[in-house]
Every structure is written in C-alpha cells, then in structure tokens.
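Visitor: need coordinates for the below:
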Amino acid sequence: MLRCRCRVSGADPARAQGAEWRGRRGSLISQWFGDSTELHLLDTGSEEVGDRLHVSYRFAGVEEDEPYVVEQQLYCTVDDGKVSRADLLCSGFRPRTVQ
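Guide: Numbers count the residues shown, from 1 in each chain. The predicted model follows:
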C-alpha cells in the first residue's frame with residue numbers, strides 16, 4: 001500500500017512524469033491501462049536489492065484493436081510495511097503479434 005505522502009518518480013518513453021505525479025499517482029497508473037479492452041498478466045517477480053524492493057510485471061493487452069505488451073520495473077523503499085518511495089521504469093506499449 002502506498003502512503004499518502006509517497007514520493008514517486010517515473011520514466012515513461014512517451015513523456016517524463018516528474019512533478020505530474022504529485023497528487024495523481026493512482027489516477028495516472030489507472031489511465032495507462034484504462035482504455036485496454038483486454039489485459040492479462042504474463043509475468044511478475046519481486047526481490048530485494050539492498051535496502052530496496054524490486055517488483056516487475058509484464059502485461060499483454062489490446063487497446064483500440066491493437067495488441068500490445070508492456071513491462072514495468074518498480075524499485076521501492078518500504079517503511080513500516082508501506083511504500084514511501086517508488087521509482088518506475090516502463091517499456092511503453094510495444095506491438096505484439098497475436099498467435
């Protein structure tokens with residue numbers, strides 16, 4: 001669970017997030033996948049990296065009839081069982097071939 005005052009920074013190939021994140025974290029994340037008509041979790045993982053938690057996940061989805069795959073890497077600082085800082089890197093929506 002994210003703390004209300006969590007610091008989040010992100011790197012998105014389509015646009016830099018920076019200050020845009022402040023106060024809008026949840027809505028921005030839901031906007032990324034909100035137009036998908038299909039969304040399937042393909043892979044997920046987590047492990048500690050020193051004093052940070054690394055979480056990764058990959059989705060396959062369809063948006064505007066175009067199939068895509070997207071992967072995100074999240075590095076978190078956890079304090080008292082809650083994320084107090086998160087740094088996110090996203091692959092962007094990459095075209096995929098449906099088999």
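Visitor: helices or strands up against whatever helix or strand Gly61 lives in?
Guide: Using DSSP states H and E, Gly61 maps to strand 52-63. Helices and strands in packing contact with strand 52-63 are listed as strand 38-49, strand 66-79; criterion 3 or more C-beta pairs under 8 Å, 6 or more residues apart in numbering; DSSP states H and E. Yep, even glycine has a C-beta here, placed from its N, CA and C like the rest.
Visitor: so who does Asp80 touch?
Guide: With C-beta atoms under 8 Å, 6 or more residues apart in numbering as the criterion, no residue contacts Asp80.
Visitor: which residues does Leu74 bridge with?
Guide: For Leu74, the beta-bridge partners under DSSP bridges are Val55, Leu88.
Visitor: for burial, what's the neighbour tally of it?
Guide: 19 (other C-beta atoms under 10 Å).
Visitor: okay but it is in contact with His54, surely?
Guide: Yes - using C-beta atoms under 8 Å, Leu74 is in contact with His54, at 7.2 Å.
Visitor: just to revisit the earlier point, could I get the helices and strands packed on strand 52-63 as TSV with mean pLDDT?
Guide: Compiled in TSV, the helices and strands packed on strand 52-63 are given as follows (pLDDT from 0 to 100):
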stretch	mean pLDDT
strand 38-49	94
strand 66-79	92
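Visitor: quick check: which of the ones you listed is nearest to Cys90?
Guide: With respect to Cys90, and counting by C-beta to C-beta, the nearest of those is strand 66-79 at 4.9 Å.
Visitor: what packs against that closest one?
Guide: Against strand 66-79 (3+ C-beta pairs under 8 Å, 6+ apart) you get strand 52-63, strand 82-90, strand 94-95.
Visitor: same list, these, but as CSV with mean neighbour count and distance to Gly34 please.
Guide: Converted to CSV, these look like this (neighbours: other C-beta atoms under 10 Å; distance: least, C-beta to C-beta, whole Å):
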stretch, mean neighbour count, distance to Gly34
strand 52-63, 16, 9
strand 82-90, 16, 15
strand 94-95, 10, 18
